[in-house]
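K.L.:
my questions concern the predicted model and sequence given below.
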Amino acid sequence: MTPQQKIEILQTLIHIKSVNAHETDVADYLASLFAPYPQAQIEKVPFAPGRDNLVVTIGNPAGPQLGLSGHMDVVAAGDETAWTHPPFGGEIVDGRLFGRGASDMKSGLAAIVITMLEFLEQGTPLAGSLRLLATVGEETGEYGAATLTDAGYADHLAGLIIAEPSGLDQVVYTARGAIDNLMEFYNAVGPLMAKYTKTDPVLGGLLHNVDLISGGEQVNSIPAHAELMANMRTIPAYPNQIIYDELEALIDRLNQEPGVQLELSYSYPEEAIPGDPQAPLVQLAKQISDDVCQHETQIVGSGGANDGAEFLRAKADFTSIEIGPGSDTSHQVDEYIELDDYLQAIAFYETLVPAFFAQIGQSSKRQ
Ligand SMILES: [Zn+2]
């Protein structure tokens, strides 16, 4: 595939307005790219109408399976007039491709898809199988990853690479900070509810009590999940919808901050990502990124939840990492990706995949 063709695939993805919905349009487009290869096993896994996850499996089914994952949804563009480059235009200026999702994370998604397409195109023999796990609803609660995990699509993974926009000079081995993020909500919700001062002659005032906070497992392990439960009783002067809207607006506002991912009434039992910076896949990704990109890759923890937290509920015992092309403009106006970073990401994944299979092969021989 030429660099121009790779860029066109990313532009086509940016043109699809998969804003917290319509991921099926992305899934159908990606599936069409794999359609010429009968050896690719293509499955659409529905979450809701218009919201299909996509699973594509290639390679040697007798060997270990490596998952490559990316979400197909993007956050809203906000005030489109504030953008210098239209959010769904995919315009290229001075080596940067602009658009919602250019960084988070249609460039990463395109890069892992192209990695698989090039293996197919070139007939590259693979010692194991590669499974694309393209998800819906990551930005609003990892619904797609939950659906795929529940349906068993992660049960045979030996490793998972999530192409979130870490930048290729960072490999993320854990999610953390769930309690800190939750406390931001806790600190904000009290004053917010205190605004509602009307009282009802029979029922009294609006009741709001935080009754339960839970999260974490032990003192030296960073929790990926925390929960807060509050009891609220509304009065006729303040119908439930007013309170729902208020709480949702607060959650939306807090979620604009990097690494914060709060959800209302979503109590799925996410596991904490174990997070071992010495895990072979973490070390391998660092070494290959250092070599391919000629930079020093940092091994870091992340500030927020991601699809990995869901996939790790699967039966298999594997390491999940996040590494992918990105810029610091995710979720912002004039989001962009440097085209050089995007093309370099493809070269990185194409090197990492066979190296991973070689690493797994060696460790199973030692046992
Ligand atoms: Zn993302």
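P.N.:
Perfect, I can see it now.
K.L.:
this structure against the ion: which residues are in contact?
P.N.:
With Cβ under 5 Å from the ion as the criterion, the chain meets the ion at residues 104-105, 164. Every C-beta, even on glycine, is put in place using the N, C-alpha and C of the backbone.
K.L.:
any chance of those residues in TSV with neighbour count as columns?
P.N.:
Formatted as TSV, the residues of the chain next to the ion follow (neighbours: other Cβ atoms under 10 Å):
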residue	neighbour count
Asp104	27
Met105	31
Glu164	28
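K.L.:
which helix of this structure spans the most residues?
P.N.:
When the chain is parsed with DSSP state H, its longest helix is helix 339-366.
K.L.:
elements contacting it?
P.N.:
helix 3-15, strand 65-71, strand 96-98, helix 106-122, strand 157-162, helix 280-293 (3 or more Cβ pairs under 8 Å, 6 or more residues apart in numbering; DSSP states H and E).
K.L.:
so which of those gets nearest Tyr186?
P.N.:
Proximity to Tyr186, assessed across these by Cβ to Cβ, is greatest for strand 65-71 (27.6 Å).
K.L.:
I'd say Leu212 and Asn231 touch.
P.N.:
No: in this structure, Leu212 is not within contact of Asn231 by Cβ atoms under 8 Å, at 9.2 Å.
K.L.:
ok so, going back, ranking the helices and strands packed on helix 339-366 by mean neighbour count, which comes first?
P.N.:
Of the helices and strands packed on helix 339-366, the one with the most neighbours on average (mean count of other Cβ atoms under 10 Å) is strand 65-71, at a mean of 27.
K.L.:
quick one: distance of that strand to the chain centre.
P.N.:
Averaging C-alpha positions (Cα atoms, centre = their mean, to the nearest Å) puts strand 65-71 11 Å from its chain's average.
K.L.:
which other residues reach the following helix or strand past it?
P.N.:
Using DSSP states H and E, the helix or strand that follows strand 65-71 towards the C-terminus is strand 92-93. Contact partners of strand 92-93, identified using Cβ atoms under 8 Å, 6 or more residues apart in numbering, comprise 7, 11, 85, 98, 339.
K.L.:
residues contacting the first one?
P.N.:
Residues in contact with Ile7, defined by Cβ under 8 Å, 6+ apart, are 92, 97, 339, 342.
K.L.:
quick one: contacts for Gly123?
P.N.:
Contacts of Gly123 by Cβ under 8 Å, 6+ apart: none found.
K.L.:
cool, the one 10 residues further on as well?
P.N.:
Under the criterion of Cβ under 8 Å, 6+ apart, the contact partners of Leu133 comprise 53, 55, 67-70, 145, 148, 153-154, 160, 307, 311.
K.L.:
ignoring the adjacent residues along the chain, who's closest to it?
P.N.:
In space, not counting the residues next to it along the chain, Leu133 is nearest to Ser69; the distance is 4.2 Å by Cβ to Cβ, 6 or more residues apart in numbering.
K.L.:
check the gap between that neighbour and the ion for me.
P.N.:
11 Å (Cβ to the ion, to the nearest Å).
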